[in-house]
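*Asks:* With the sequence up front, the predicted model follows.
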Amino acid sequence: MTYPDGDRSPAPVRVRVRVLDDLTVSGEPTDVDPGPAGGVRADAELVPAGTLGYASGDAAQGEYPGPYAYRSGKPMRPDVAVAFDRLAAGAARAGITLYVVSGYRSNAEQAVLFAAHPDPKWVAPPGTSLHRLGTELDLGPATAYGWLDAHAGDYHFVRRYPWEPWHFGYTLNASSSARGATSVGVADRRTSLPSFVPARYAPLLARAAQRWNVSAALLAAQLYQESGFNPFARSGAGAQGIAQFMPGTAAQYGLIDPFDAPAAIEAQAHLMRDLLRQFGSVPLALAAYNAGPKRVQACGCIPPIPETQAYVAAILGLLHGAGDPSGAGAATLAVRLVR
């Protein structure tokens, strides 16, 4: 067994297996002809969960374990309930009576829904729905959708999907002690860093992680994949610096010089904080960093772009291999046979 990309990453995502001896398949002996090519070969790679058409990993990963508060008889995190009260009060001042159609849903409940409506655009597979985190609310009535689009952001709620005008997620306090919140890596305050981080960048990453409440390990894995910690890196597409900012995004985040590594790491952490709040998921936030938020928002998924899928898988592989405290890698990768 070998790792074709092992020389490019401390956590390779491709594996090559070569079988030279006879083996048994489904109870039947099978002859292996060594031949000039040296037996039977198979390659496999890690890909982000969901790109194979099903959820992978531990189905219980990331469920919010409680305690719960209830609004309209629906469970949610207590801080989300308080935020909903403020949102509902704002809607009431506009003459709208807001109510909750759905809040927290366990993976078991999600499995029942998905079995009845197995379309991942409308019903997420169990283990992948953001409703399991206790931060998501489906709201009514339909007459409130326009007001919510215009004002939900004032109360720290974001509309998750363009095609679901009722689904809003709460974006603050994502680093709560709930296992569900930290499992998507929006981050806890720990700033442990993997060993592949150059010493001169460790304090910069720790400071940015603390300021923007994003896992330092996530930021480090991203920089490894983006530039190999090269502050003067340039891509053929025009991305620049250690965090590979495109000029427009750099300007949006006040990054005057993308080749200024301390400033670029601060801007990277700021951008990732915003993307994690918007999408509520490390894989989707990484996909948005690589392919742009509009592409991710359009499908609510990791876009079917080979570069983006490989980018997300590589970083999640680094996170899992580095023991990321968010646990973001374990339940977010699947194995695909390449050949």
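*Replies:* Everything's here; your move.
*Asks:* ok, now how distant is Pro118 from Gln110?
*Replies:* Distance of Pro118 to Gln110, given as C-beta to C-beta, to the nearest Å: 12 Å. Quick note: C-beta positions are derived from backbone N, CA and C, even for glycine.
*Asks:* Sketch out the low-pLDDT regions of the stretch 101-250 of the chain for me.
*Replies:* For the stretch 101-250 of the chain, the stretches with pLDDT under 70 are 173-191.
*Asks:* Next up, the contacts around the residue lying closest to Met246 once chain neighbours are set aside.
*Replies:* With sequence-adjacent residues excluded and distances taken as C-beta to C-beta, 6 or more residues apart in numbering, Met246 is closest to Ala239, at 5.5 Å. Ala239 makes contact with 226, 233, 245-246 under the criterion C-beta atoms under 8 Å, 6 or more residues apart in numbering.
*Asks:* Go through those and say which is closest to Arg159.
*Replies:* Minimum distance to Arg159 across the contacts of Ala239 is 25.0 Å, recorded for Met246 (C-beta to C-beta).
*Asks:* next one: phi and psi at the closest one?
*Replies:* In terms of degrees, to the nearest 10, the main-chain angles of Met246 are phi -80, psi 150.
*Asks:* Tell me if I'm right that it and Ala237 touch.
*Replies:* Yes: when contacts are counted by C-beta atoms under 8 Å, Met246 is listed as touching Ala237 (7.5 Å).
*Asks:* So between the two, which is more surrounded?
*Replies:* Met246 (15 against 8; other C-beta atoms under 10 Å).
*Asks:* show me the contacts for the more buried one.
*Replies:* Per C-beta under 8 Å, 6+ apart, neighbours of Met246: 237-240.
*Asks:* swap the cut-off to 10 Å and go again
*Replies:* For Met246, the contacting residues are 235, 237-240, 252, 258, 292, by C-beta atoms under 10 Å, 6 or more residues apart in numbering.
*Asks:* neighbour-wise, which of those residues leads?
*Replies:* Pro258 leads those on contacts (other C-beta under 10 Å) with 24 neighbours.
*Asks:* quick one: it and Ala267 touch, right?
*Replies:* Yes: assessed by C-beta atoms under 10 Å, Pro258 is found in contact with Ala267 at 8.3 Å.
*Asks:* May I see the buried residues of stretch 238-254?
*Replies:* Buried residues in stretch 238-254, counting neighbours by 16 or more other C-beta atoms under 10 Å, are found at 239-245, 249-250, 253.
*Asks:* and what of stretch 192-201?
*Replies:* Those would be 193-194, 196-197, 201, for stretch 192-201 by 16+ other C-beta under 10 Å.
*Asks:* do stretch 90-100 as well
*Replies:* In terms of neighbour count (16+ other C-beta under 10 Å), stretch 90-100 has its buried residues at 90-91, 96, 98-100.
*Asks:* from these, which is closest to Trp212?
*Replies:* Taking C-beta to C-beta as the measure, Trp212 lies nearest Gly90 of these, at 27.1 Å.
*Asks:* residue boundaries of the strands in this protein?
*Replies:* Per DSSP state E, the chain carries strands over the ranges 14-19, 23-25, 28-30, 40-48, 69-71, 74-76, 99-102, 136-140, 157-159, 167-170, 333-337.
*Asks:* and the ones you listed, which one is worst for confidence?
*Replies:* Across the strands of the chain, strand 333-337 has the smallest mean pLDDT, namely a mean of 51.
*Asks:* what number of residues lie near the nearest residue to Gly300 once chain neighbours are set aside?
*Replies:* In this structure, Gly300 finds its nearest non-sequential neighbour in Tyr161, 4.7 Å apart by C-beta to C-beta, 6+ apart. Using other C-beta under 10 Å, the number of residues around Tyr161 comes to 17.
*Asks:* and Ala89, what is it in contact with?
*Replies:* Contact analysis of Ala89 by C-beta under 10 Å, 6+ apart lists 98, 155.
*Asks:* Just the pLDDT for it.
*Replies:* pLDDT recorded at Ala89 is 97.
*Asks:* if we can go back for a sec, need the overlap of contacts for Pro258 and Ala267.
*Replies:* 241, 243, 245, 249-250.
*Asks:* pLDDT score for Cys299?
*Replies:* 81.
*Asks:* just the one 4 residues further on next, same as before
*Replies:* At Pro303, the pLDDT value in this model is 90.
*Asks:* Among the contacts of Ala239, which pair sits farthest apart?
*Replies:* Going by C-beta to C-beta, the pair spanning the contacts of Ala239 furthest: Ala233 and Met246, at 12.9 Å.
*Asks:* what's the overlap in contacts for those two?
*Replies:* The contact lists of Ala233 and Met246 share 239-240, 258, where a contact means C-beta under 10 Å, 6+ apart.
*Asks:* Val82: which of those is nearest?
*Replies:* Nearest member of these to Val82, counting by C-beta to C-beta, is Pro258, at 39.5 Å.
*Asks:* OK, contacts around that closest one?
*Replies:* Residues near Pro258 by C-beta under 10 Å, 6+ apart: 231-234, 239-247, 249-250, 264, 267.
*Asks:* and what of Gly169?
*Replies:* 80, 130-131, 133, 135-137, 152, 156-161, 277-280.
*Asks:* Tell me what it is bridged to.
*Replies:* Glu136, Val158 (DSSP bridges).
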